[in-house]
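Trainee: here you go, sequence then predicted model.
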Amino acid sequence: MAQPPVLSLENIGLQQGGLQANNGWLFRDLDLHIAPRDRLALIGRNGAGKTTLMKLISGEIEMDKGKRVIVPGTRVVTLEQEPDFSGCKTLMEYALGGEDAPQQFEVEAIASQIGIDMTRDPAAASGGEKRRAAIARALASEPDVLLLDEPTNHLDLTAIDWLEDWLNRYTGAFVTISHDRTFLTRLTRATLWLDRGSLRRKEVGFGGYEAWEDQIYAEEARAAEKLDAKLKLEAHWLQRGVTARRKRNQGRLEKLWEMRATRAAMINPQGAAKMKLASDDNKTKSVITAEHISKSFGDRTVIKDFSLRIQRGDRIGIVGGNGAGKTTLLKMLTGELEPDTGEVKLANTLSGVMIDQQRSLLSDEKTVRDVLAEGGDWIDVRGVRKHIQGYLKEFLFDPSLVEAKVGTLSGGERSRLLLAREFSRTSNLLVLDEPTNDLDLETLDLLQEVIADYDGTVLIVSHDRDFLDRTVTVTLGLDGSGTVDIIAGGYADWERKRKEVGQNRSAAKKSAPTPPPPPQKKTKLSYKDQRDYDLLPGRIEELEGEIAANEEALADPDLYTANPDKFAKLTAKLEKLRGEKDAAEERWLELAEEVERLDS
């Protein structure tokens, strides 16, 4: 039996001046119910009002129509996309601020797990450090309903893994806005789709969202075709474009896999440290050649003895934790930073464009027309002349926004405008530094398409696992030790390789001669406790393998459509395995603490 909701929005409406849709209503006649254990993905285009809806759920803003109903005592906590640290001298001062501040010891416990020094001055903290501090504040507040607005922005892969594990064990409800497909697929169990002022709900996690979206768009397209007015048909250009783009991207993925197979043949069997240099007859294709380069800062070696030849058309992904050396490697490969040893050679004809997080550099007072076409009607897109309104549609903008000021655009729309401007420039090297922040899922599909069709070479630094899996031919993985793994494929291929290396090391360690054990101090563990203490590590390792296999199966984008029963069974099994693994780890840690106490 379904549990009654702890929080509901009933028949709500919110007006926002200047909107063409819904006669000035951002939302109208909208209902939303959140049950105690809901795991909800909130999906919608940039500008659809996702963050505004979150604020209505939290009670931060008042609605113009309808009502918000909440069970007394329910604690609603928001992890904001852009937390306000103004007036705070330390990250801890920020975490302990507000009306319902968490206990300091709770914040410290979360902070130690996620790896953040809460004594840091926010003014000197990085985006990743601020995001961790905000997470520590939100999770330590013991929420019954947790609202997560782009929670993985600025987080490295280790922190994302930790957050996913915490949310899997979390007993309350959460609603999340995220562009991170992997994060959404692993965690959500139902989907809220905010589209043109209405809210649809489907009791299926994000893994089944795209099939559901295609079904809705197909039904709307059939209805639109029956209308006589061309204007009404034109209103569906976006929906038709999304469906067509998704079909085209399937063909592009097949091409990407072929490119990966070709690249795999050039990588040495160890798959690490070096890539076999191309033969002399292929040298003309090389655009960047790095030979035995290294870089240190003080006593710390960031990159050591790394060689790579990047060829025209390669799509290179760079991954690793914060501080592992991703930016350092990127700067050396593009000639911005000299290596301590070795040499980097760039082709004479190389002409690059860098797209990083420059959205703040767009002047609020400029119009979209000013940014793209310097006030004109036409724009040169890599040598091809296009009308600005047609080009806006290619980047999922309503053409009527041509006169809109940058200051009126959402953060995601600004990022999309920046992409549109930069992609118009003629170049043969594209450098993308965390390009997926603040982009909605449809814009990510578009970005993947543009990268696939790009004639030159692409270098991408990103923590977005799904995005890398869909775009890159080679992944450079940094573990912070200075070693750079070179893997043909995307993030999933790198992660699989790391697990294989770890398993091989474990097997080698087990097969090594075991020295005579030192005399053991007698403990008072019971027979059952001692048996659990001895056997649980092996069981945990088995569970990790089963979890990885199920996650890999669920990562298949066609699984839900092709076999929804299998998708549901795998999802249920994965949740059970994760719960068993958590319980096993907690049990073993309790026993380990007891053994340590008895041996002391």
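Mentor: Here it is on my side, so go on.

Trainee: can we go C-alpha only for contacts and neighbour counts from here?
Mentor: Fine.

Trainee: dump the residue contacts of the spatially most central residue of the chain.
Mentor: Note on the chain: the residue nearest the mean C-alpha position is residue 180, at 3.1 Å, using CA atoms, centre = their mean. By CA atoms under 8 Å, 6 or more residues apart in numbering, residue 180 lies in contact with 152, 464, 465, 466.

Trainee: have a look at this structure and report its longest helix.
Mentor: Ranked by residue count under DSSP state H, the longest helix found in the chain is helix 564-599.

Trainee: what comes up buried for it?
Mentor: By neighbour count with 16 or more other CA atoms under 10 Å, helix 564-599 contains the buried residues 567, 570-571, 574-575, 577-578, 581-582, 584-585, 588, 591, 594-595.

Trainee: also stretch 388-403?
Mentor: So, applying 16+ other CA under 10 Å, buried residues of stretch 388-403: 388, 389, 391, 392, 395, 396, 397, 402.

Trainee: same check on stretch 319-335?
Mentor: For stretch 319-335, by 16+ other CA under 10 Å, it's 319-322, 324-326, 328-330, 332-334.

Trainee: got it, and stretch 547-565?
Mentor: Here stretch 547-565 shows 547, 550, 551, 554, 555, 559, 560 as buried, counting by 16+ other CA under 10 Å.

Trainee: for residue 30, state which of these is nearest.
Mentor: Within the set of those, residue 560 lies nearest residue 30; the separation is 27.8 Å, counting by CA to CA.

Trainee: which pLDDT value does the model give that closest one?
Mentor: pLDDT for residue 560: 68.

Trainee: now do the strands in the stretch 251-400 of the chain.
Mentor: Taking DSSP state E, counting those that start in this stretch as the criterion, the stretch 251-400 of the chain carries its strands at 286-297, 300-311, 315-320, 341-346, 352-355, 378-381, 384-387.

Trainee: among the ones you listed, which is nearest residue 167?
Mentor: So among the strands of the stretch 251-400 of the chain, strand 315-320 is nearest, using CA to CA, at 22.2 Å.

Trainee: run through who's touching the closest one.
Mentor: So strand 315-320 is contacted by 156-157, 326, 330, 457-463, 468, 471-480, 490-491 (CA under 8 Å, 6+ apart).

Trainee: now, the residues you listed that are in strands?
Mentor: Among the contacts of strand 315-320, the members found in strands (DSSP state E) are 457, 458, 459, 460, 461, 474, 475, 476, 477, 478.

Trainee: adding neighbour count, write those out as TSV.
Mentor: Formatted as TSV, the ones in strands among the contacts of strand 315-320 follow (neighbours: other CA atoms under 10 Å):
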residue	neighbour count
457	22
458	26
459	23
460	24
461	22
474	28
475	27
476	25
477	24
478	23
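
Trainee: pick out the most distant pair among those residues.
Mentor: 457 and 478 (20.7 Å).

Trainee: now the stretch 501-600 of the chain, which segments are flagged as low pLDDT?
Mentor: 502-524, 557, 560, 593, 596-597, 599-600 (pLDDT under 70).

Trainee: cool, and the stretch 101-250 of the chain?
Mentor: 223-250.

Trainee: burial count for residue 501?
Mentor: Residue 501: 12 surrounding residues under other CA atoms under 10 Å.

Trainee: pretty sure residue 264 sits against residue 488.
Mentor: Yes - look at residue 264 against residue 488 with CA atoms under 8 Å: they come within range, at 5.0 Å.

Trainee: could you check which of these two has the larger neighbour count?
Mentor: residue 488 (24 against 19).

Trainee: beta-bridge partners for the more buried one, please?
Mentor: With DSSP bridges applied, residue 488 shows beta-bridge pairing to residue 474.

Trainee: does it really touch residue 257, like I thought?
Mentor: No - counting by CA under 8 Å, residue 488 does not reach residue 257; the two are 9.6 Å apart.

Trainee: which residues do these two both contact?
Mentor: residue 473.

Trainee: three-state assignment of residue 66?
Mentor: strand (DSSP: H, G, I helix; E, B strand; the rest coil).
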